[in-house]
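Engineer: Got a predicted model here, sequence first, then my questions.
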Amino acid sequence: MKLKRILIGLEIHIELKTKSKMFCGCSAVHFEKIPNSQTCPVCLGLPGALPVPNFKAIESVILIGQALNCEILKESKFDRKNYFYPDLPKGYQISQYDQPFCLNGWLEYKIQGTNYRAKIRRVHLEEDTGKLVHTQVKGKSCSLIDFNRSGCPLVEIVTEPEFDSSLAAKTFLEKLQKIVRYLEVADADMEKGQMRCEPTVNLEIEDGGKNYFTPLVEIKNINSFRFVQKAIDFEVERQFKDFEEKRIEKMPGNKTTRGWSEKKLETGLQRTKEEASDYRYFPEPDIPPIFWSDKQITNFKELFKKIVLPDKLESRFISLYGLRPEQAEILCRDKETAFYFEKCVELGKIKKITSLDIVNKLINQSKKAKQFADLSPKEFIEKIGESQKLFSLNKEEISLIADRVLKENQKIQDEYRKGKTQVLGFLIGLVQKEAKGKADPRIVQKILAEKLA
Amino acid sequence: MNDKNKQKLKNIKTLSEEEVKHIAKLANLSLSNEEVKKFQGQLSETLNFIQVLDELNTEKAEPTNHASGLSNIFRQDEIKPSISQAEALANAPSLSDGFFKVKAILERNDDEI
Ligand SMILES: [Zn+2]
């Protein structure tokens, strides 16, 4: 019996950071607020309330759709998804079924320098549920509900089941998080539940010249990128063993949901999954349909064009400022650092401080908990200018120190020569320490590289 | 009996017990065995009655998903005052510490979305 292929599809929910909720004027900022203090008849599902869609939330979804290279549908509508659960006050969730705002896209992500393309099936808008707390009151188990989150705008992104490793799934999710943050439509912090991911996993197994597919499993309750990987890896192993034992194949109706347990580091069966027809979707009668004019579609596209996305910024940093791809990637992890860097480069020109001086300082600093955050770009440039004046050691003096450091670290030298070039940074650090910071790091790097060659 | 009614009789379908139980589960209802039998008959009758709609020729009718004739109704992203916690909880059958309280949900951590 041989594992032929892992198939992973992702369903991602992201909370939008609008001021108000999706269909009412209650505040959508619900994290750690007094329970049930931000509700109204609409988001409590009281009879007679009328939901009215928040345009900003729709615009945000359409921005995400465009960043994921989707097509914007000219006709859209909301639908009711019917099911009972205590955190869903109306007995249905307002969602989108057959006419979501965006369809059929893709997103490229990179693993160790190689580009991969993930296909996106759909991007739609829906309302969040209330929050359940499972606890005990007076010694009796019960569940408590806070409806502050009820009705907050939630984007759902569904990919094709084409990721073939947990690393691919995780890398894609990190890229997606970076994009929604650049778009400034969401904070997407997984620990805070602002970004939630449910991978659906199954396997193709070869046995005796025949191929079999294991039943689909959806994994819930994952709240960090690290656990996305761990949960999928656990599930792959579990499904393989399960198939060896029971030989149950994928069939309509045998999809199940399993919950990831952080404590046990395993997934546990929650229930059998309902079929789409069980949700009895139908058009939301309280919300009229949406038809976009050509002009409105153009407006959405114009708005999107104004936003710089990380990929574009990285290439700009490489071509315009001569950064290495790794450096560009580090600087572009968040928009603030990237823009800070650009501002510094501009200011540095007058003082003859190069973009490479800035990037080195900035990357070293950002490793140390972003000390630069307290400095304005102008102050930062001044600081670099001062430290460059401090580089009082000449080449000969640095060379002597380098010789001493290399002699004391024969092992590391060997590692470097075996191809582990990243130890160079460590050696530079040692020389710098000996030189008490009085050596220009660029010269140290050059001298060390020459000596090690 | 005319042809039409004969045709109707042929199409009459009786829901199985399983189907009735499944529908009850989706509607969050618990039914006794007698009730399952009772609704098996009643629901089947209702379905067959509604089947009269199949006789309409809808080939040229556009699907409608809204009756008001309105479209593109939106609101700006502005905060309006919420009701107070006390008002929100006023009609709750059971509460605890500012929360609505319900029976313990057996499915651990199951956040359905
Ligand atoms: Zn509300």
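Structural biologist: Done, it's in. Numbering: from 1, shown residues only, chains lettered A, B, ... in the order given.

Engineer: So which residues of chain B form strands?
Structural biologist: Counting by DSSP state E, the segments of chain B that form strands are B:95-96, B:99-103.

Engineer: Would you check how far apart residue B:91 and residue A:277 are?
Structural biologist: Residue B:91 sits 33 Å away from residue A:277 when distances are taken as C-beta to C-beta, to the nearest Å. The C-beta positions use only the backbone N, C-alpha and C, and glycine is treated the same way.

Engineer: ok, now residue A:106?
Structural biologist: Counting by C-beta to C-beta, the gap between residue A:106 and residue A:277 amounts to 29 Å.

Engineer: Between the two, which has more neighbouring residues?
Structural biologist: When neighbours are counted by other C-beta atoms under 10 Å in any protein chain shown, residue A:106 comes out ahead of the other of residue A:106 and residue A:277, with 13 against 8.

Engineer: For the more buried one, pull up the helix or strand it's in.
Structural biologist: Taking DSSP states H and E as the criterion, the element that holds residue A:106 is strand A:102-111.

Engineer: how about low-confidence regions in chain B?
Structural biologist: Counting by pLDDT under 70, the ranges of chain B that qualify are B:1-12, B:106-113.

Engineer: 50 instead?
Structural biologist: Of all residues in chain B, those with pLDDT under 50 make up the ranges B:1, B:108-113.

Engineer: Same question for chain A.
Structural biologist: Judged against pLDDT under 50, the low-scoring parts of chain A cover residues A:369.

Engineer: What residue in it comes nearest to chain B?
Structural biologist: Minimum separation of chain A from chain B (C-beta to the nearest C-beta) falls at residue A:25, amounting to 2.7 Å.

Engineer: For residue A:10, see how far away the residue of chain B found nearest the ion is.
Structural biologist: The nearest approach of chain B to the ion comes at residue B:82, 6.1 Å away (C-beta to the ion). Residue B:82 is 34 Å from residue A:10, where distance means C-beta to C-beta.

Engineer: Could you point out the longest helix of chain B?
Structural biologist: Looking only at chain B and at elements set by DSSP state H, the helix with the highest residue count is helix B:33-50.

Engineer: give me phi/psi at the closest residue to residue B:100 other than its chain neighbours?
Structural biologist: Among residues not flanking residue B:100 along the chain, residue A:145 sits closest, at 4.2 Å (C-beta to C-beta, 6 or more residues apart in numbering or on different chains). With angles defined as degrees, to the nearest 10, residue A:145 sits at phi -120, psi 130.

Engineer: Could you find the closest non-adjacent residue to residue A:186?
Structural biologist: Take residue A:186 and drop its neighbours on the chain: the residue closest to it by C-beta to C-beta, 6+ apart is residue A:180, 4.4 Å away.

Engineer: next one: residue A:261
Structural biologist: In space, residue A:261 comes closest to residue A:268 once its chain neighbours are excluded; the distance is 6.1 Å by C-beta to C-beta, 6+ apart.

Engineer: who's the one you found bridged to?
Structural biologist: residue A:259 (DSSP bridges).

Engineer: if I look at it, how far off is residue A:91?
Structural biologist: In this structure, residue A:268 and residue A:91 are 27 Å apart, going by C-beta to C-beta.

Engineer: can you check residue A:210 too?
Structural biologist: From residue A:210 to residue A:91 the distance is 45 Å (C-beta to C-beta).

Engineer: With neighbour numbers in mind, choose between these two.
Structural biologist: Comparing residue A:210 with residue A:91 by other C-beta under 10 Å, the one with more neighbours is residue A:91, at 13 against 7.

Engineer: The residue nearest to that one when sequence neighbours are not counted - how many residues pack around it?
Structural biologist: Using C-beta to C-beta, 6+ apart and skipping the chain neighbours, the partner closest in space to residue A:91 is residue A:84 (5.8 Å). Other residues within reach of residue A:84 by the criterion other C-beta under 10 Å amount to 13.

Engineer: Check the gap between residue A:84 and residue A:23 for me.
Structural biologist: Taking C-beta to C-beta as the measure, residue A:84 falls 20 Å from residue A:23.

Engineer: who are the neighbours in contact with the residue in chain B that chain A sits nearest to?
Structural biologist: Going by C-beta to the nearest C-beta, chain A is nearest to residue B:80 of chain B, at 2.7 Å. With contacts defined as C-beta atoms under 8 Å, 6 or more residues apart in numbering or on different chains, the neighbours of residue B:80 are A:20, A:24, A:25, A:26, A:40.

Engineer: do the same with residue A:158
Structural biologist: Under the criterion of C-beta under 8 Å, 6+ apart, the contact list for residue A:158 reads A:9, A:10, A:11, A:12, A:120, A:121, A:122, A:123.

Engineer: The residue of chain A closest to chain B: how many residues sit nearby?
Structural biologist: Using other C-beta under 10 Å: residue A:25 sits among 21 other residues.

Engineer: Skip the chain neighbours and tell me the closest residue to residue A:164.
Structural biologist: In space, not counting the residues next to it along the chain, residue A:164 is nearest to residue A:6; the distance is 5.3 Å by C-beta to C-beta, 6+ apart.

Engineer: In a helix, that neighbour, correct?
Structural biologist: No - the assignment for residue A:6 by DSSP: H, G, I helix; E, B strand; the rest coil gives strand, which leaves it out of any helix.

Engineer: gap between the closest residue to residue B:15 other than its chain neighbours and residue B:51?
Structural biologist: Once its chain neighbours are removed from consideration, residue B:15 has its nearest residue in residue B:44; the separation is 5.0 Å (C-beta to C-beta, 6+ apart). If you measure residue B:44 against residue B:51 using C-beta to C-beta, the figure is 11 Å.

Engineer: Give the buried residues for the next helix or strand after the strand holding residue A:106.
Structural biologist: Scanning forward in sequence from strand A:102-111 by DSSP H and E, the next helix or strand is strand A:114-127. Neighbour-count burial for strand A:114-127 flags A:118, A:120, A:121, A:122, A:123, A:124, A:125, A:126, A:127 (criterion: 16 or more other C-beta atoms under 10 Å in any protein chain shown).

Engineer: Show the secondary-structure elements that whatever helix or strand comes next after strand A:114-127 is packed against.
Structural biologist: Scanning forward in sequence from strand A:114-127, with DSSP H and E defining helices and strands, the next element found is strand A:131-137. For strand A:131-137, the contact count by 3 or more C-beta pairs under 8 Å, 6 or more residues apart in numbering or on different chains; DSSP states H and E identifies strand A:140-146 as packing neighbours.

Engineer: excluding its backbone neighbours, what's nearest residue A:137?
Structural biologist: Of all residues beyond its chain neighbours, the one nearest residue A:137 is residue B:96 (5.0 Å), with distances taken as C-beta to C-beta, 6+ apart.

Engineer: beta partners for the one you found?
Structural biologist: With beta bridges defined as DSSP bridges, residue B:96 has these partners: residue B:99.

Engineer: and it, what is it in contact with?
Structural biologist: By C-beta under 8 Å, 6+ apart, residue B:96 lies in contact with A:137, A:142, A:144.

Engineer: With respect to the ion, which of the residues you listed is nearest?
Structural biologist: Checking these one by one against the ion (C-beta to the ion), the nearest turns out to be residue A:144, at 19.3 Å.

Engineer: Show me the beta-bridge partners of the closest one.
Structural biologist: residue A:133, residue B:101.

Engineer: cool, residue A:10 as well?
Structural biologist: Assigned bridge partners for residue A:10, using DSSP bridges, are residue A:199.

Engineer: same thing with residue A:291?
Structural biologist: Counting by DSSP bridges, residue A:291 is bridged to residue A:75.
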